[in-house]
Each structure stands twice: as structure tokens, then as C-alpha cells.
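> Sequence first, then the predicted structure:
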Amino acid sequence: MTGTVAVVGSSVAGVRTAQALRTEEHGGPVVLIGAEAGLPYDKPPLSKQFLAGTWGADRITLLTEAAARAAGIELRLGVPAQHLDVAGREVLLADGHRVSYDHVVIATGSAARPSPWPVASGVHVLRTLDDSRALRADLERPGPVVVVGGGFIGAEVAATARASGHAVTVVDPLPAPIGRLLGPEIGELMGQVHQRHGVDTRLGVGVQDITGEAGNLMVTLTDGRQVEAATVVVGIGAIPTTGWLAESGLLVDNGVVCDEYCRAVERDDVWAVGDVARWDHPRLGEAVRVEHWTNAVEQAACVAFNLTHSGQLRGYAPTEYVWSDQYDWKIQIVGQPRAAVKHRFIGEPGAEPPRFAVVYSDGDSRLAGALAVNWPKALVACRRLLAVGASSDEAAKLVETLLVPTVA
Ligand SMILES: Cc1cc2nc3c(=O)[nH]c(=O)nc-3n(C[C@H](O)[C@H](O)[C@H](O)COP(=O)(O)OP(=O)(O)OC[C@H]3O[C@@H](n4cnc5c(N)ncnc54)[C@H](O)[C@@H]3O)c2cc1C
């Protein structure tokens with residue numbers, strides 16, 4: 001394939017697709033289109049090191065102009081794509097320009113679900129570098145912080161705000177927010193990490209209303225209680241960015257619907273990668289959309305391969321992996337704990353530092369997934385066993401052997 005590949009979306013999935021096309025020796029033009037004007041950047045540090053002020057923006061840059069030039073990647077940054085003309089094979093940009101393509105890769109990711117509480121200032125969502133900058137500026141002011149939503153991003157923001165000395169309250173309508181992913185018992189344990197670090201948790205209760213302005217906000221809960229805040233962060237999930245595809249004729253349903261090769265259904269020249277792609281997972285036998293960094297990277301590599309090897313397409317069948325850093329917990333999750341029927345706990349969450357793993361089993365006693373806290377060795381072992389379809393017993397036994405300290 002020597003034609004032009006247009007990649008729409010210039011974050012990790014788009015940048016990695018463009019770079020992987022060159023690794024796969026694609027000889028034709030590669031055009032990377034991005035709505036944001038600045039250089040492409042990475043998102044995980046936005047709730048961690050960048051928000052804490054320990055990393056600057058230069059540390060999270062994904063692609064410099066020089067690196068793009070060296071790789072022969074044409075950057076079209078600062079103008080969003082407005083429409084995809086699949087019949088004419090053109091991307092229409094908001095400034096009226098058109099980019100013709102032979103293949104297009106959709107990498108427009110997702111956007112933060114907006115806060116439903118219209119307050120003039122002091123209430124933040126967190127998705128972009130500008131969001132993180134604005135939140136960081138507000139966190140420089142003393143005063144209590146309320147985090148609405150106890151998922152990964154909410155939990156990370158709570159940890160970062162707490163580490164910089166704020167009183168923090170986390171509110172979530174679920175009694176164990178991360179329990180959606182890890183099961184209620186482990187979810188509850190994960191919730192306790194907030195309490196151990198002095199965070200007030202209001203779980204099993206929602207937010208009714210937020211009023212006031214930056215520095216002087218009032219959060220009213222659905223049980224009638226009120227919590228004062230200087231700053232509020234609303235972390236209630238993300239929505240795939242597909243609005244610009246509304247008139248394209250592509251099938252869009254919770255993301256761009258793709259076949260197992262990450263090719264938009266009924267098109268052989270439109271592909272999707274990262275948070276925006278909902279593809280037919282060959283091993284799971286269902287359409288899935290994944291909002292994790294490693295997925296974006298691996299899917300980009302797969303699509304670049306498929307674009308350059310049309311005779312030998314590879315189905316995309318990743319082993320899901322996500323990490324999250326909260327307080328002194330480095331959390332790593334592999335596989336599909338949510339699909340498990342039972343689990344086994346190994347290690348000691350109360351130890352200093354805490355170190356434990358949870359091995360999840362599916363209905364056939366196969367290893368379904370694993371969670372490791374401050375224990376990368378256990379995670380790596382389970383990841384390897386998942387790839388070969390091992391039993392959960394085998395995984396648990398192996399992880400138990402890792403508990404025994406090795407003699408130096
Ligand atoms: C604060 C934060 C912390 C995170 N931490 C972790 C973590 O610890 N571990 C983990 O596994 N994952 C983490 N994630 C998730 C991970 O960052 C995402 O899965 C990843 O960024 C997805 O990459 P993407 O390129 O598919 O989409 P996005 O990162 O959403 O990027 C999409 C890009 O497309 C651009 N775009 C959108 N519409 C258009 C348009 N019409 N035209 C042109 N460009 C457009 C956007 O401006 C953006 O640059 C985190 C996410 C956030 C927000």
C-alpha cells in the first residue's frame with residue numbers, strides 16, 4: 001500500500017499509528033490531523049505527575065515537530081476534522097480545507113462526560129492538558145476539594161490533591177466504585193485506601209446540586225447533606241468522540257463499529273484505533289471498546305500492520321491491561337476480572353508497603369484476570385499465564401511462590 005493515510009486524532013492512538021506505519025515501511029504520505037493546537041501529549045500523567053506539578057509539559061510530549069519531520073509525518077494540528085466523506089475519500093476540516101486519503105484511521109478518542117452542574121467557575125473535568133492546567137492552578141489555592149466519581153481518574157485526582165495537602169471528599173453513588181471492574185469485595189478494599197490516607201468518602205450517595213463559585217462552592221448530596229469545597233472535580237466517565245462522523249454513513253454505536261481487524265464495518269479503507277474504536281474482539285466473541293492507554297498503543301500497531309499487509313490481516317485480540325497510581329498503591333490489572341465468577345486473594349494489603357494480588361477465575365476455572373498492587377512480578381506471571389490459557393489454580397500457586405522472599 002503506497003497511498004496516503006490520513007490519521008484523525010493526534011493523541012497516543014493517532015501518533016502511534018502514524019509512527020507504526022513508518023516502522024512497517026509504509027512509503028506513502030502520512031497526515032496526522034489534530035484538533036488541539038499544541039504538540040501531541042500523553043494523558044496518564046494529567047491526573048498524576050503533571051497535576052502534582054512534578055512534571056512539566058515537555059515531559060509528556062508524544063511527538064515533536066522534528067521527530068514528525070524525520071519520520072515523514074505531516075502534522076495538521078489546531079483544526080478539528082468536521083466531516084468524513086467516505087465516498088469521496090476526504091476529511092473535511094473545520095477551516096474548510098480537505099485532506100484526500102486512500103485510507104483513513106479514526107483516532108479521535110473520547111471526551112470527558114460534561115459536568116451536569118452549571119457553575120461559573122471552580123468545577124472541573126479532566127481530559128486534556130488545558131483541563132489539567134486549569135485544575136492545577138485551582139489546586140494551588142488552599143481549601144477543600146470534592147471529587148465526584150470514584151473511578152480511576154477520580155481516585156487519582158483525590159490522591160494527588162491529598163498529597164498536596166488538601167482536605168478531600170470523594171462522592172460516588174456506588175458503594176464500591178472500582179467494584180464494577182474488580183468485584184464488590186475487592187472494590188470495597190480499594191475504597192479503603194482513600195480512608196487510610198485521610199480522605200472522606202461518601203459512597204452510595206450521589207450529587208444533587210453544586211452551587212457557588214471557585215473558592216466557595218457547596219455540593220449538595222442526594223441524602224440532603226452538604227459538603228463545602230473550594231474546588232470540585234467531576235470524573236464521571238468519558239464519551240467516544242464521534243460527533244464529527246454523524247453524516248458520514250459509518251456505523252457508530254458507542255464508538256466506531258469495526259470488524260476484528262479494526263476496520264469500520266462495510267468499509268475497507270476506514271479504520272479506528274484507541275478509545276473511539278469498538279471492534280469485534282476475536283477471542284471474547286463480542287464487540288468491545290476499551291479506554292486504556294496500552295490498548296491504544298497495541299491497536300495502533302495492529303492497524304498499521306493490517307494497512308501494510310493487506311494479504312495477511314491480523315485480528316486484534318489483546319490481553320487487556322491497565323495501571324493506576326493512587327497514594328502508595330501501584331495498581332495493575334490484566335485480563336477480564338469483571339468476567340470472573342470467583343477470586344483468590346494472595347498477599348497482605350495491610351503490610352508496609354502493601355503488596356498483594358487477586359487471581360480471578362472464569363466459570364471453567366481458567367484464569368480470567370488478575371490484579372496486583374505494588375507487585376509487578378505477580379502481574380507479569382499472570383499476564384504470561386493468561387496468554388497460554390492457564391488455570392486459575394496454576395496462577396494462584398505461582399503467585400504464592402513469589403510471596404516467599406528470595407535469599408540474596
Ligand atoms: C487524566 C487521565 C489519566 C489516565 N490515566 C490512565 C492510566 O493511568 N492508565 C491507563 O491505561 N489509561 C489511562 N488513561 C486513559 C488513556 O489516556 C486513554 O485510553 C488514551 O489517551 C486514549 O488515547 P486515544 O488517542 O485513543 O484518545 P484520546 O487520548 O482521547 O485522544 C484523542 C485525540 O483526538 C483529538 N480529536 C478529537 N476530535 C477530533 C476531531 N474532530 N478532529 C481532530 N482531532 C480530534 C483530541 O483532541 C485528542 O487529541 C487516562 C486518561 C486520562 C484523561
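Yep, it's here.

> near the ligand, which residues of the stretch 151-300 of the chain?
Within reach of the ligand by Cβ under 6 Å from any ligand atom, the stretch 151-300 of the chain has these residues: 153, 241, 244, 274-276, 291-294, 296. The way it works is simple: take the backbone N, C-alpha and C, and place the C-beta from them, glycine included.

> Could you report the neighbour count for the closest residue to Ala214 other than its chain neighbours?
Nearest in space to Ala214, with sequence neighbours left out and distances taken as Cβ to Cβ, 6 or more residues apart in numbering, is Gly122 at 3.0 Å. Taking other Cβ atoms under 10 Å as the criterion, the count of residues near Gly122 is 20.

> Tell me which residue of the stretch 1-150 of the chain lies closest to the ligand.
Shortest the stretch 1-150 of the chain-to-the ligand distance, computed as Cβ to the nearest ligand atom: residue-wise this is Gly109, at 2.1 Å.

> That residue contacts Val15, doesn't it?
No. The pair Gly109 and Val15 fails to qualify as a contact (Cβ atoms under 8 Å) at a distance of 11.5 Å.

> higher neighbour count, those two?
Neighbours were tallied for Gly109 and for Val15 using other Cβ under 10 Å; the higher tally belongs to Val15 (28 against 24).

> check contacts around the more buried one.
Applying Cβ atoms under 8 Å, 6 or more residues apart in numbering, one finds that Val15 lies in contact with 32, 40, 62-63.

> Kindly recompute the last result at 10 Å.
The contact partners of Val15, by Cβ atoms under 10 Å, 6 or more residues apart in numbering, come to 7, 9, 32, 34, 39-42, 61-63, 67-68, 73, 107, 296-297, 300.

> Can you select the buried ones from those residues in PyMOL?
With 16 or more other Cβ atoms under 10 Å as the burial test, the buried ones among the contacts of Val15 are selected in PyMOL as follows:
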select buried, resi 7+9+32+34+39+40+41+42+62+63+68+73+107+296+297+300
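
> Could you identify the pair within the residues of the stretch 151-300 of the chain next to the ligand that is furthest apart?
The largest separation in those, counting by Cβ to Cβ, is between Trp244 and Thr294 at 25.8 Å.

> So Arg384: helix, strand or coil?
The local conformation at Arg384, judged by DSSP: H, G, I helix; E, B strand; the rest coil, is helix.

> Compute the number of surrounding residues for it.
Residues contacting Arg384 under the criterion other Cβ under 10 Å number 14.

> Roughly how far does it sit from Gln336?
Computed with Cβ to Cβ, to the nearest Å, the distance linking Arg384 and Gln336 is 16 Å.

> repeat for Leu307
Separation of Leu307 from Gln336 (Cβ to Cβ) stands at 28 Å.

> same thing with Thr160?
28 Å.

> who's more crowded, the two?
More neighbours surround Thr160 than the other of Thr160 and Gln336, with 27 against 19 (other Cβ under 10 Å).

> Please identify which helix or strand holds the more buried one.
Following DSSP states H and E, the helix or strand that holds Thr160 is helix 152-163.

> Now do the buried residues in that helix.
When burial is assessed from 16+ other Cβ under 10 Å, helix 152-163 yields the following buried residues: 152-162.

> distance between stretch 312-319 and the chain's centre?
Taking Cα atoms, centre = their mean, to the nearest Å, one finds stretch 312-319 lying 20 Å from the centre of the chain it belongs to.

> Span of that stretch from start to end?
Stretch 312-319 has its terminal residues 21 Å apart, counting by Cα to Cα, to the nearest Å.

> Let me know how buried His97 is, in neighbour terms.
There are 12 residues near His97, going by other Cβ under 10 Å.

> mind listing what it touches?
Taking Cβ under 10 Å, 6+ apart, we find His97 in contact with 33, 76, 79, 90-91.

> How much space separates it from Ala6?
Here His97 is placed at a distance of 12 Å from Ala6 (Cβ to Cβ).

> Find the residues that touch each one of those two.
Shared between the contact lists of His97 and Ala6 (criterion: Cβ under 10 Å, 6+ apart) are residues 33, 76, 90-91.

> gap between Arg278 and the ligand?
According to Cβ to the nearest ligand atom, to the nearest Å, Arg278 stands 12 Å off from the ligand.

> in the sheet, who's paired with that residue?
Beta bridges link Arg278 to Val257 when assigned by DSSP bridges.

> coming back round to it: shared neighbours of Gly109 and Val15, anything?
9, 296.

> any chance you could map the strands in the stretch 151-300 of the chain?
Using DSSP state E, counting those that start in this stretch, the strands assigned to the stretch 151-300 of the chain run over residues 168-172, 200-203, 207-213, 216-221, 226-229, 231-234, 238-240, 256-258, 270-272, 277-281, 286-288.
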